[in-house]
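[1] This is the structure alone, sequence omitted:
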């Protein structure tokens, strides 16, 4: 069974989705891939996973780094899952480029090269926004690009985390 609820963040309404195993989705209303992967059959209901996720979001949006993680149930292709795991390794308040992620992913697979565009596609389809921090990925020149929730939200999330504004091109 899939469950949904909403959360009112300082950046706008968010839709949360979960199953018995964990959080399966967290999207800003109107995001490019809003509710991607959410089956038409779901029930709007507050469950414990949502309580934990909302507590995490409350701490995060207060400008602090949460010291726990809600249970996650990431659903996607093996490639996307591997990229989303890399996203979880990006420290709070820091950024990496799509190219850096591509080099890391290539190294993990024993490859000489991997396309930054392929990485960008997987990053863009991250279904658990904010908690899996796809907003921490920037262009090779430090530009804010490619956030399905909108570049304005990406900028605000990075500001909230205290990211180094000097290293981001046209970001602030």
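    Here it is on my side, so go on. Only a predicted model underlies this, so the values are computations on that prediction, with no experimental measurement involved.
[2] these two touch, right, residue 156 and residue 11?
    Yes: Residue 156 is in contact with residue 11 according to C-beta atoms under 8 Å; the separation is 5.8 Å. From N, CA and C alone the C-beta is placed, and that goes for glycine too.
[3] Can you tell me how far residue 134 is from residue 149?
    When distance is defined by C-beta to C-beta, to the nearest Å, residue 134 is 9 Å away from residue 149.
[4] now swap in residue 120 and tell me
    Distance from residue 120 to residue 149, by C-beta to C-beta: 15 Å.
[5] Comparing those two, which residue is more hemmed in?
    residue 149 (25 against 20; other C-beta atoms under 10 Å).
[6] so who does the more buried one touch?
    By C-beta atoms under 8 Å, 6 or more residues apart in numbering, residue 149 lies in contact with 11, 27-28, 31-32, 129, 135.
[7] What of residue 22?
    Contacts of residue 22 by C-beta under 8 Å, 6+ apart are 49, 70-73.
[8] what residue lies at the spatial centre of the protein?
    residue 129 (3.1 Å; C-alpha atoms, centre = their mean).
[9] What about the closest residue to residue 90 other than its chain neighbours, how many residues nearby?
    Spatial nearest neighbour of residue 90, excluding adjacent residues (C-beta to C-beta, 6 or more residues apart in numbering): residue 136 at 4.5 Å. Neighbourhood size, residue 136 [other C-beta under 10 Å]: 20.
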